[in-house]
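Colleague: Starting from these lines, generate the structure:
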Amino acid sequence: METVRRTIPEALLVEILARLPVRSIARFKSVCKRWKSVIESDYIRRLFVSLHRHSSSSWSLMFRTEYCRHITQPIGFHGCETWDLPKSLVSYIMPFQRYPNLPTSEYYFKASSNGLIWIDVFLSRNQNMVYSYKSFVGNPVLQQWVEIPPAPDPWAKSKIPWYQNPFSAVGMVTRVEHGIVSSFKMVRTIQMEMFDRKVEGMYLWRVCVYSSETGLWTIKKLFSTRAVGNYGFDSLNGVLYMWDRFMFCNGPGVLIAHDFYGPEADDQCQIIPLPGVDHKKARRCLTTSVEDVIFIEAIYRRLSVWRLNNEDISERWQLIWEINMPSVVSDVNCFPLAMNPFDSGIVYLWLRQDRCLASGNLRTEEFIVHQESDDWSSSSEGDCCRINNSDTAGHLEEFCNGVVMLSQFVLPRWMDSVPQPPT
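Modeller: Numbers count the residues shown, from 1 in each chain. Coordinates of the predicted model:
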């Protein structure tokens, strides 16, 4: 009997694959060369994004860990249609497969951007408190990681000792082309000092910048009229945003921004004053939502939300919400934490007195108090949701002033391979 080999027509194959979750599609790349070619085509990516344009994607709020704390996720959504993950995102990070036997307290979440995550793994420290660690950038769900070479010693030609401070990370930015992350850059602070001590108000900010396009670290000098701290709070479209406020001030402070994919000759940081009022009872946060920088301020029962307007520098901030919160979240120990990355009408709050998380729909002015939950709890949005109140309380119990800046680790609606530096 003659055996006739049957194959699925390519058009039908695309229609079938595009309706599957990203995690499944990524696995099907290994079926054969034909499937790999189909999955890596622009057409299936555009079709997938179109079919899932109304679907949410998995995401988590993450604390940037420092000193000896483990990776903490206050809230995480998974099981979403786009990725269909069986567990929360932080579960894919720990234990880290390159070092599976390392204690979880030695993993440090540094930054994320467009689905990529920067993790530092600490290996040892000597008696002089000099740390030995490795840095990785990748996608924990797909288990694709790029090991980053150590940053160079900027004082190699001088007698000044310089240790790669593991807590000097500022942030990570990405370049997106046709919906795909084509490259990333990591930024570490080397030095922050007054540029000219005779002229007040100008700071020199020296940074090491790693680029996946070259696989190299470079040293860049930037200038700012405000000092830059150790951490940026987030990045959008290649721009890294940081926060600063004068000491002993109750005002909201300023945003410090720099485009690390901008012209190489551009060495000036933007200074963007934040909205809000000078009030010692104000509780504030910086976050992002739907490709916008969002600033939230809560004073007693009044909650105000602004969106950064990059199109009109004469009116930098647009007030998009202003409501009176219900009594369940009305005390002065209510801290705004973040905005939903896909919906600028959903806000997340920390109730310090009750030591628990709350979420609020600003359109309906309905708020829900969330209790501790595991990975299989169902959220009001239909996806699985994990609430971590106990560890969140540990991070926020000492926080009483300033601006809360959590990082949103958001998986994109489509994920290609992690950009690889040249070999």
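Colleague: Going by C-alpha atoms from here, please, whenever you check contacts or count neighbours.
Modeller: Will do.
Colleague: Now do the longest helix seen in the chain: everything it contacts.
Modeller: As far as residue count goes, and with DSSP state H defining each element, the longest helix of the chain is helix 42-51. Surrounding helix 42-51, the residues in contact under the criterion CA atoms under 8 Å, 6 or more residues apart in numbering are 14, 18-19, 38-39, 413-414.
Colleague: Could you chop this structure up by domain?
Modeller: With domains defined by automatic domain parsing, the chain comprises 8-54, 55-410.
Colleague: Report the separation between the nearest residue to Leu351 once chain neighbours are set aside and Arg301.
Modeller: Using CA to CA, 6 or more residues apart in numbering and skipping residues adjacent in sequence, the residue nearest Leu351 is Cys334, 4.8 Å away. Distance check for Cys334 against Arg301: by CA to CA, to the nearest Å, it reads 9 Å.
Colleague: Next up, the contacts around the closest residue to Glu372 other than its chain neighbours.
Modeller: Counting by CA to CA, 6+ apart, Glu372 lies nearest to Ile387, which is 5.1 Å off, once chain neighbours are set aside. Shown here is Ile387, whose contacts under the criterion CA under 8 Å, 6+ apart are 74-76, 357, 370-374.
Colleague: any idea how far Ile387 is from Leu12?
Modeller: In terms of CA to CA, Ile387 sits 40 Å off from Leu12.
Colleague: All the helices of the stretch 251-400 of the chain, residue numbers only.
Modeller: Listed in chain order, the helices of the stretch 251-400 of the chain (DSSP state H, counting those that start in this stretch) span 389-396.
Colleague: Val404 - how many residues pack around it?
Modeller: The local packing of Val404 (other CA atoms under 10 Å) involves 21 other residues.
Colleague: sorry, that was for Thr189
Modeller: Taking other CA under 10 Å as the criterion, the count of residues near Thr189 is 23.
Colleague: Spatially, and excluding backbone neighbours, which residue is closest to it.
Modeller: Val207 (4.5 Å).
Colleague: most tightly surrounded among the domains of the chain?
Modeller: Sort the domains of the chain by mean neighbour count, taking mean count of other CA atoms under 10 Å, and domain 55-410 sits at the top with a mean of 18.
Colleague: Would you mind measuring the gap between the ends of that domain?
Modeller: The first-to-last residue distance of domain 55-410 comes to 13 Å (CA to CA).
Colleague: The chain should start at 685 in everything you say after this.
Modeller: Sounds good: first residue 685 from here, last item domain 739-1094.
Colleague: Need the mean per-residue confidence for it.
Modeller: The pLDDT scores in domain 739-1094 average 83.
Colleague: Return the distance of that domain from the chain's centre.
Modeller: Taking CA atoms, centre = their mean, to the nearest Å, the mean C-alpha location of domain 739-1094 is offset from the chain mean by 5 Å.
Colleague: what angle do the longest strand seen in the chain and helix 726-735 make?
Modeller: For the chain, the strand that runs over the most residues, judged by DSSP state E, is strand 864-880. Following axes from the mean of the first three to the mean of the last three CA atoms, to 10 degrees, one obtains 80 degrees for the angle between strand 864-880 and helix 726-735.
Colleague: and strand 864-880, what other elements does it pack with?
Modeller: Strand 864-880 makes packing contacts with strand 853-861, strand 883-895 when contacts are defined by 3 or more CA pairs under 8 Å, 6 or more residues apart in numbering; DSSP states H and E.
Colleague: what are the pairing partners of that strand, and which direction each?
Modeller: Using DSSP bridges, the strands paired with strand 864-880 are strand 853-861 (antiparallel), strand 883-895 (antiparallel).
Colleague: Switch those strands over to CSV; also include distance to Leu1080.
Modeller: Formatted as CSV, the entries for those read as follows, by distance: least, CA to CA, whole Å:
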stretch, distance to Leu1080
strand 853-861, 21
strand 883-895, 29
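Colleague: show me where the stretch 835-984 of the chain has strands.
Modeller: Listed in chain order, the strands of the stretch 835-984 of the chain (DSSP state E, counting those that start in this stretch) span residues 853-861, 864-880, 883-895, 900-908, 916-920, 923-928, 938-943, 954-957, 967-973, 976-983.
Colleague: And the contacts of the first one?
Modeller: This points to strand 853-861. For strand 853-861, the surrounding residues in contact (CA under 8 Å, 6+ apart) are 794-798, 802, 865-873, 913-924, 944-945.
Colleague: Tell me who's in contact with the spatially closest residue to Leu1080 that is not a sequence neighbour.
Modeller: Residue nearest to Leu1080 in three dimensions, not counting chain neighbours: Arg1036, with 8.0 Å by CA to CA, 6+ apart. With contact set as CA under 8 Å, 6+ apart, Arg1036 has these partners: 1017-1019, 1077, 1080-1081.
Colleague: returning to that earlier point: which residues are in contact with the residue nearest to Leu1035?
Modeller: Shown in contact with Cys1018 (CA under 8 Å, 6+ apart): 967, 982, 1033-1036.
Colleague: what about it, distance to Ile1052?
Modeller: The gap separating Cys1018 from Ile1052 is 13 Å, by CA to CA.
Colleague: what bridges to Cys1069?
Modeller: Partner residues in beta bridges with Cys1069: Phe761, with DSSP bridges as the criterion.
Colleague: Oh, that last question was meant for Thr858, not what I typed.
Modeller: Phe868.
Colleague: List the residues that contact the closest residue to Arg890 other than its chain neighbours.
Modeller: Closest residue in space to Arg890, ignoring its immediate chain neighbours: Lys905 at 4.7 Å, by CA to CA, 6+ apart. Neighbouring residues of Lys905 by CA under 8 Å, 6+ apart: 888-891, 951.
Colleague: Equivalent analysis for Phe793, please.
Modeller: Residues counted as contacts of Phe793 (CA under 8 Å, 6+ apart) are 746-749, 755, 801-804.
Colleague: Correct me if wrong, but Ser774 is in a helix.
Modeller: Not Ser; residue 774 is Val. Yes - according to DSSP: H, G, I helix; E, B strand; the rest coil, Val774 belongs to a helix.
Colleague: Distance check, Tyr887 against Pro1096.
Modeller: Counting by CA to CA, the separation of Tyr887 from Pro1096 is 36 Å.
Colleague: now do Arg707
Modeller: For Arg707, the distance to Pro1096 under the criterion CA to CA works out to 12 Å.
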